[in-house]
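Enquirer: I'll drop the sequence and a predicted model, then ask my questions.
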Amino acid sequence: MSVLSVRGLRKSFGGVEAVAGVDFDVTAGEMLALIGPNGAGKTTCFNMLMGQLTPDSGTVSFDGADITGLPPRAIWRRGVGRTFQITATFASMTVAENVKTALMSHRGDLGRFFARATALHKDDAIALLDQVGMADQRDRACGVLAYGDLKRVELAVALANSPRLLLMDEPTAGMAPQERVALMELTRQLARARDIAVLFTEHDMDVVFGQADRVIVLNRGKLIAQGTPPEVRAHKAVRDVYLGAGTTSGGH
Amino acid sequence: MSALVVQFLNGLASASALFLVACGLSIIFGVSRIVNFAHGSFYMLGAYLAWTLTRGLGWVGYGPLGFWGGILIAALIVGLIGVLIELVLLRRIYQAPELFQLLATFGVVLVVQDLAMAIWGAQDLLGPRAPGLRGAFDVMGQRFPEYEMLLILIGPIVLGLLWLLFNRTRWGTLVRAATADREMVAALGVDQRKLFTSVFFVGTFLAALGGGLQLPREPVQLHMDMAIIADAFVVVVVGGMGSVGGAYLAALLIAQLQAFMLLVPDFEIAGLTISIARMTLIPSFLVMAVVLILRPYGLLGKAPSHARTQASVEPVVRATPPILAKLGFASVAAMILLPLIADEYGLMVATEILIFVLMAASLHFMMGPGGMASFGHAAYFGLGAYGAALAAKHFNAPMEAGLVAGPVLAALGGILFGWFCVRLSGVYLAMLTLAFAQIVWSIAFQWVAVTGGDNGVLGVWPSIGKTGFFYLSLAFAVIGVLLLRRAIYSPFGYALRGARDSALRADAIGIDVKRVQWAAFAIAASFAGSAGALFAYFKGSVFPTYAAIPKSVDALMMVLLGGVQTISGPLVGAIVYMGLHEQLVRVTELWRLVLGIAIIALVLAFPQGIAGFAAKRFAKEDGA
């Protein structure tokens, strides 16, 4: 069954229609890649799914409930985790504290003024960090971490509310090639094991065709193709607008 | 009708003067992001120097430079003084945490105040009148001075010249580019240091020019600096930081408002006489509050570019190092024993310091973990003091009740003002807190029937002796600081720090950023309120000055001096600042000069604050 269901999503900036009527679904345990050339509308699309932008029209449903136009925090509370294209973590906190803050938020602790947070959910935080391979760095400040490590911390934070859906905007941007595949393989294992639906955008075609179960292609705000990686790779329209432009439009 | 026209012209003339000062402040902020408290001092210096060059040296007539030459040369000299300060002081601390430069510029304010006092004396100095402009026009039957007419023209002329400078020269293009995106300009290989210095020169020159042009209008005196800086801040914020056109628009708006308010006759509501004409300060700050709420970046301002401009990263809040905890216990123990050795005066000084420790800790709570700098924290200190004093005066409340009423009133103020403030961030938020503080101050000053106005509320005496009151203050300070510290380590404190570090991430993990900040604002206000209530009983009286700008600045100085990043910082800052202040006032007439120099020296020696410096020495740095 589909966890996320998008129908007729539209958004214009001035005269530019960044997203011009997009429909798709993501099902539980599935890795869905959203690809397209720069300016295709991927990030706009993402920001509407997560509530950073309000769509002009169209609906976003999560688990059958309409979540269109809800603020990000409300969407998160329903069980959607997100990572950002440029990592957003709490730089003045340690890796463990970042994860703990998300855990405390998920469990409704944040209104407590005089409780000690130090010991709260410590084991759960370490368990999450263990899954992304960051447990040994748990006491380092996020402000001093390497970029690839920050991406993994973001993943752990995104998993803290036991999400049914993960939204990852260019999860591997800025990482070294071998790191990219490792991170997405990790994501894939976690998605399988916990039956999480994952929607991610990506420029690295090795990652896309190696890790995605299904691929949808966006160009100029419209979906032009969808299917399994081999199907999309063979698709005429995709070759023309995207892959046809040469590999330079893909990697970094 | 003719009265309206004359008032309109008066408004235009005042707008020109205000514009000259404000646009310099705005340009400096736009490029260097420095909130320059010393700008009013340059304005005052411009006026004093112009007085000296045209009249003060005993020359015949206007002297060899003439009237206009005198004003121009004075402005140039002050501009060079500005350059000197930029080179020697500010250049060293551009990399320091945001707002730290403010501390340095405030040191300059203190130094200039005492130097001006020493050089020119305390008496008002009457300036010369402008040559050939001593007459007056006839405006619909009323006299309107020729010099005012000239001022009306000077505003738009300077605006036009600045427009040409910014749009027709390479330098101007660079200034505009740096205002929009400093990092990008640096990345393009532009020498930022030269740019900053030259911008500082232009800004201070304009301020001094504005001061010099005041000579024929009003006597030169020592309070010019603080009188103009509040108005100039309002103009800059209303117009939009870094926008010269906005500054003119805002100066026009505010000067006209102030001019026309004088015409509103007194009226009565429910037995209270309301005199709009005398409430000169409230409207400009109300305008600022309204503009900031409707247009958060001012009339013509733009949202600052962020992403790359993430300022200094705050350090991790770790468990207190054992040595620091021991030090804390030792100092509390020493304080408990203090009444055994200290005389009455010593006890009074210690009590006052304890009260300000609580005040500084409350400001630090919102500034440090909350990331919300307040330029108007005295509002809540004042509300606390008035809450206690008014309960005592009007309801005969005992001290115990007064100590509750104060923080409650302050918390209510914090809830009301905080709701608006958390909608903004950074310097704009700080300016809005200043606006609200000025409104509180004005109400205390002008609602005479309830607050006693300038005469204050007298006879608010504690029900216990001096030693008892010392212990009460000690208990309040220790418990207050421990509660605030506890809150920083609590889940709420995590949410607050998270919201400061990355609002984007906080929102994405279910944290309601505005609500968390609002709560922190109200908490800080209530703790400042208990400090204020204590202070009311300590002094036995309450005056509007408790809510005035200098009190806000004092609190800010304590926090910045100690270091925003550490929890113990504000405590150290309060002790050092209050201690210095207290001792200097006792030993020297020139205490401002010495305090100012001390602040500047501390800023240069400890750009992370005193406690921040100590913390670095104690604890090993994390990772990098």
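Expert: Now that the structure is in, tell me what you want to look at.
Enquirer: C-alpha from now on. contacts and neighbour counts both.
Expert: OK.
Enquirer: Does residue B:405 touch residue B:389 like I think?
Expert: No - Residue B:405 is beyond contact range of residue B:389, at 9.0 Å (criterion: Cα atoms under 8 Å).
Enquirer: which residues sit in contact with the closest residue to chain B within chain A?
Expert: Using Cα to the nearest Cα, the single residue of chain A nearest to chain B is residue A:73, 3.8 Å away. Taking Cα atoms under 8 Å, 6 or more residues apart in numbering or on different chains, we find residue A:73 in contact with B:507-512.
Enquirer: rerun at 10 Å
Expert: A:50-52, A:80, B:504-513 (Cα atoms under 10 Å, 6 or more residues apart in numbering or on different chains).
Enquirer: pLDDT value on it, please?
Expert: pLDDT, residue A:73: 91.
Enquirer: same deal with the one 10 residues further on?
Expert: The per-residue pLDDT reported for residue A:83 equals 90.
Enquirer: ditto for residue A:59
Expert: We have a pLDDT of 93 for residue A:59.
Enquirer: quick one: residue A:9 is in a helix?
Expert: No - per DSSP: H, G, I helix; E, B strand; the rest coil, residue A:9 lies outside any helix segment and is strand.
Enquirer: Leaving out chain neighbours, which residue sits closest to the residue of chain A closest to chain B?
Expert: Spatial nearest neighbour of residue A:73, chain neighbours left out: residue B:510 (3.8 Å); criterion: Cα to Cα, 6 or more residues apart in numbering or on different chains.
Enquirer: again with residue B:492
Expert: Nearest one to residue B:492, counting by Cα to Cα, 6+ apart, is residue A:110 at 4.8 Å.
Enquirer: was I right about that neighbour contacting residue B:489?
Expert: No - taking contacts as Cα atoms under 10 Å, residue A:110 lies outside contact range of residue B:489: 11.4 Å.
Enquirer: picking up where we left off before, the residue nearest to residue A:73 against residue A:82, yeah?
Expert: No - checked against Cα under 10 Å, the pair residue B:510 and residue A:82 is beyond contact range at 11.3 Å.
Enquirer: For the two, list the residues in contact with both.
Expert: A:72, A:76.
Enquirer: Neighbour count for the two, which is higher?
Expert: residue A:82 (27 against 23; other Cα atoms under 10 Å in any protein chain shown).
Enquirer: which residues touch the more buried one?
Expert: Contacts here follow Cα under 10 Å, 6+ apart; on that basis residue A:82 touches A:46, A:50, A:72, A:76, A:154-155, A:157-159, A:163, A:165-169, A:171, A:198-200, B:505, B:508-509.
Enquirer: Can you list the strands that the helix or strand in which it is found pairs with?
Expert: Assignment of secondary structure by DSSP states H and E places residue A:82 within strand A:80-83. Here strand A:80-83 has these sheet partners by DSSP bridges: strand A:165-168 (parallel).
Enquirer: State the next helix or strand along the chain beyond the strand it pairs with.
Expert: helix A:177-194.
Enquirer: re earlier: identify the residues contacting the residue nearest to residue B:492.
Expert: Per Cα under 10 Å, 6+ apart, neighbours of residue A:110: A:101-104, A:117, B:490-496, B:510-511, B:516.
Enquirer: I'd assumed it was in a strand, is it?
Expert: No - Residue A:110 is assigned coil when assessed by three-state DSSP, not a strand.
Enquirer: Got the phi and psi for it?
Expert: Dihedral pair for residue A:110: phi -70, psi -20, per degrees, to the nearest 10.
Enquirer: Mind pulling the model confidence for it?
Expert: Listed pLDDT for residue A:110 reads 85.
Enquirer: and what of residue B:456?
Expert: The model reports residue B:456 with a pLDDT of 89.
Enquirer: cool, and the one 4 residues further on?
Expert: Looking at residue B:460, its pLDDT stands at 87.
Enquirer: Low-confidence ranges, the chain, go.
Expert: Just so you know, I chose chain A. A:242-252 (pLDDT under 70).
Enquirer: if you could check chain B rather than the one you did, that'd help
Expert: Across chain B (using pLDDT under 70), the flagged ranges come out as B:97-98, B:270-281, B:304-313, B:617-624.
Enquirer: residues shared between the contacts of residue A:110 and residue B:489?
Expert: Jointly contacting residue A:110 and residue B:489 under the rule Cα under 10 Å, 6+ apart are residue A:117.
Enquirer: Closest residue of the stretch 201-350 of chain B to chain A?
Expert: For the stretch 201-350 of chain B, Cα to the nearest Cα, closest residue to chain A: residue B:316, 4.6 Å.
Enquirer: does that residue really touch residue A:143, like I thought?
Expert: Yes - using Cα under 10 Å, residue B:316 is in contact with residue A:143, at 9.0 Å.
Enquirer: burial of residue B:453, as a residue count?
Expert: So residue B:453, with other Cα under 10 Å, has 18 neighbours.
Enquirer: residues in contact with it?
Expert: B:441-447, B:543-544.
Enquirer: residue contacts, the residue nearest to residue A:73?
Expert: Applying Cα under 10 Å, 6+ apart, the residues contacting residue B:510 are A:71-78, A:102, A:105-106, A:108, A:110, A:161, B:495.
Enquirer: And the strands in the stretch 201-350 of chain B?
Expert: Using DSSP state E, counting those that start in this stretch, the strands found in the stretch 201-350 of chain B span residues B:267-269, B:272-274.
Enquirer: same question, chain A
Expert: A:2-13, A:16-27, A:31-35, A:57-62, A:65-66, A:80-83, A:165-168, A:197-201, A:214-219, A:222-227 (DSSP state E).
Enquirer: now for the fifth one, which elements pack on it?
Expert: Yep, that's strand A:65-66 we're talking about. strand A:2-13 (3 or more Cα pairs under 10 Å, 6 or more residues apart in numbering or on different chains; DSSP states H and E).
Enquirer: how far does the strand it packs on sit from the chain's center?
Expert: Relative to its chain's centre, strand A:2-13 lies at 15 Å (Cα atoms, centre = their mean, to the nearest Å).
Enquirer: Show me how chain B divides into domains.
Expert: With automatic domain parsing as the criterion, the domains of chain B are listed as B:2-263+B:270-294, B:346-549.
Enquirer: Residue A:9: which of these is closest?
Expert: Smallest distance to residue A:9 across the domains of chain B (Cα to Cα): 21.1 Å, for domain B:346-549.
Enquirer: Any idea how far apart the tips of that closest one sit?
Expert: Domain B:346-549 has an end-to-end distance of 27 Å (Cα to Cα, to the nearest Å).
Enquirer: Run the chain-centre distance for that domain.
Expert: With Cα atoms, centre = their mean, you get 17 Å for domain B:346-549.
Enquirer: Check stretch B:590-608 too.
Expert: 17 Å.
Enquirer: Just checking that stretch against chain A, any contact.
Expert: No - using Cα under 10 Å from any Cα of the partner chain, stretch B:590-608 never reaches chain A; the gap is at least 15.6 Å.
Enquirer: For that stretch, which residues meet the burial criterion?
Expert: B:590-600, B:602-604, B:606-608 (16 or more other Cα atoms under 10 Å in any protein chain shown).
Enquirer: Tell me which residue lies nearest the centroid of chain A.
Expert: Geometric centre of chain A, nearest residue: residue A:168, 1.3 Å, by Cα atoms, centre = their mean.
Enquirer: Also chain B?
Expert: Closest-to-mean residue, chain B, Cα atoms, centre = their mean: residue B:375 / 5.1 Å.
Enquirer: would it count as being in a strand?
Expert: No - assigned with three-state DSSP, residue B:375 falls outside any strand and is coil.
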